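**Q** Sequence first, predicted model second:
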Amino acid sequence: MPPHDFSIIESTLREGEQFVGADFTSEDKVEIAQALADFGVEYIELTSPCASPRSRADCARIASLGLDSKVLTHIRCHMDDARIAVDTGADGIDVVIGTSSYLREFSHGKSIDQVIDLATDVLTFIHSESPEIELRFSTEDSFRSTQDDLLRVYTAINKLEVVDRFGVADTVGIASPKSVYDLVRILHELTHANIEFHGHNDTGCAIANSYAALEAGATHIDTTVLGIGERNGITPLEGLIARLYAIEPDSVRTKYRLHRLHDLNQLVADRVGIEIPFNHYITGVTAFTHKAGIHAKAILNNPETYEILDPADFGLTRYI
């Protein structure tokens, strides 16, 4: 069973900005951030303030809104990025660097030893400048990195005792639930920080992988509304909610304002110019539609016969 105290890091305003149809205005970002906070997500992650002057201004603006959700920003493991990020007023900074052979050769060009040295400098700088800030360190392309390389990096950073959370990222969607479970379990045993999972959906495993991460001891899961993001996107907020609700409905009802999910989906769909998929988790038009005679009869007698989710909890209605 996953922990009751898991947190959602909602990345529609970071990962979601990388979706092909996303071009959020500053007002869009504020509206979406407020809707996410109203739904009840624990964290809202924003695009790096180093991406553009507008991204920097938007980050500072949203951080100043006083939302119930904590505001995070996401940066490269780079000292210049760190200097800018600490001045945004964000509650936390998410630092990432690639560790797979692909990214070390074709992206930043650094060895594992250089990755450790750079991460040490950046993380200790942030902690010294803002010791109260929530700090996450993540490898990128974790599941195409060798386990030896990963553990060298994580254990070295763990010794610094400046990180609140370690992230693992299935950057290209190659992981399986078992591989996610195994890596998170090892990391959980070897380090002292919380663990965050970021899973892409290229092979359709993002929700299953996220749930496996929670089962293995992860405490934070990255999502986006409708799963939007780079390529096929990442774990969809609605799919993760459905998975968790199916196991512990009372806990999910308590943590989140489920009746606001549909409007949140529609808001983001409108802003990126897409329709909510007909078969989408919870909010798709056919999610609670029953057609077969055997199904319909049983539903009329007891909806739980063919429904693991109660549409009324989400402010929705079943159709027969």
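**A** The structure has been received and is ready for your questions.
**Q** Break down the stretch 201-320 of the chain into its helices, ranges please.
**A** Taking DSSP state H, counting those that start in this stretch, the helices of the stretch 201-320 of the chain run over residues 206-216, 237-247, 249-255, 261-272, 293-301.
**Q** wait, which of those helices is closest to Ser145?
**A** For those, proximity to Ser145 was assessed by C-beta to C-beta; helix 206-216 is nearest, at 16.0 Å. The C-beta positions use only the backbone N, C-alpha and C, and glycine is treated the same way.
**Q** which residues does Val71 contact?
**A** 33, 43-44, 46, 59, 62-63, 90-92 (C-beta atoms under 8 Å, 6 or more residues apart in numbering).
**Q** what does Gly98 give?
**A** Gly98 sits next to 104, 107-108, 139-141, 171 when contact means C-beta under 8 Å, 6+ apart.
**Q** can you list those residues in JSON lines and add pLDDT and distance to Asp68?
**A** Output for those, formatted as JSON lines (pLDDT from 0 to 100; distance: C-beta to C-beta, whole Å):
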{"residue": "Arg104", "pLDDT": "92", "distance to Asp68": "39"}
{"residue": "Ser107", "pLDDT": "90", "distance to Asp68": "36"}
{"residue": "His108", "pLDDT": "91", "distance to Asp68": "36"}
{"residue": "Thr139", "pLDDT": "97", "distance to Asp68": "30"}
{"residue": "Glu140", "pLDDT": "96", "distance to Asp68": "30"}
{"residue": "Asp141", "pLDDT": "96", "distance to Asp68": "33"}
{"residue": "Thr171", "pLDDT": "97", "distance to Asp68": "30"}
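**Q** Just those residues: which are in helices?
**A** Using DSSP state H, the subset of those located in helices is Arg104.
**Q** Name the residues linked to Ile8 by a beta bridge.
**A** Beta bridges link Ile8 to Ile221, judged by DSSP bridges.
**Q** quick one: pLDDT of it?
**A** Turning to Ile8, the model gives it a pLDDT of 98.
**Q** Which among the helices of the stretch 201-320 of the chain is found nearest to Ile112?
**A** Here helix 206-216 is closest among the helices of the stretch 201-320 of the chain (C-beta to C-beta), at 23.5 Å.
**Q** In contact with the spatially most central residue of the chain, which residues?
**A** With distances taken as C-alpha atoms, centre = their mean, Asp222 lies nearest the centre of the chain, 1.0 Å away. If you count contacts by C-beta under 8 Å, 6+ apart, Asp222 has them with 9-11, 15, 45, 196-199, 234-235.
**Q** can we see that at 10 Å?
**A** Neighbouring residues of Asp222 by C-beta atoms under 10 Å, 6 or more residues apart in numbering: 8-11, 14-15, 43, 45, 74, 94, 138, 167, 169, 196-200, 206, 210, 229, 234-235, 237, 240.
**Q** Now tabulate the contacts of Val71 in JSON lines and tack on pLDDT and neighbour count.
**A** Formatted as JSON lines, those follow (pLDDT from 0 to 100; neighbours: other C-beta atoms under 10 Å):
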{"residue": "Ala33", "pLDDT": "98", "neighbour count": "24"}
{"residue": "Tyr43", "pLDDT": "98", "neighbour count": "22"}
{"residue": "Ile44", "pLDDT": "98", "neighbour count": "30"}
{"residue": "Leu46", "pLDDT": "98", "neighbour count": "27"}
{"residue": "Cys59", "pLDDT": "97", "neighbour count": "29"}
{"residue": "Ile62", "pLDDT": "98", "neighbour count": "25"}
{"residue": "Ala63", "pLDDT": "96", "neighbour count": "21"}
{"residue": "Ala90", "pLDDT": "96", "neighbour count": "26"}
{"residue": "Asp91", "pLDDT": "97", "neighbour count": "17"}
{"residue": "Gly92", "pLDDT": "98", "neighbour count": "20"}
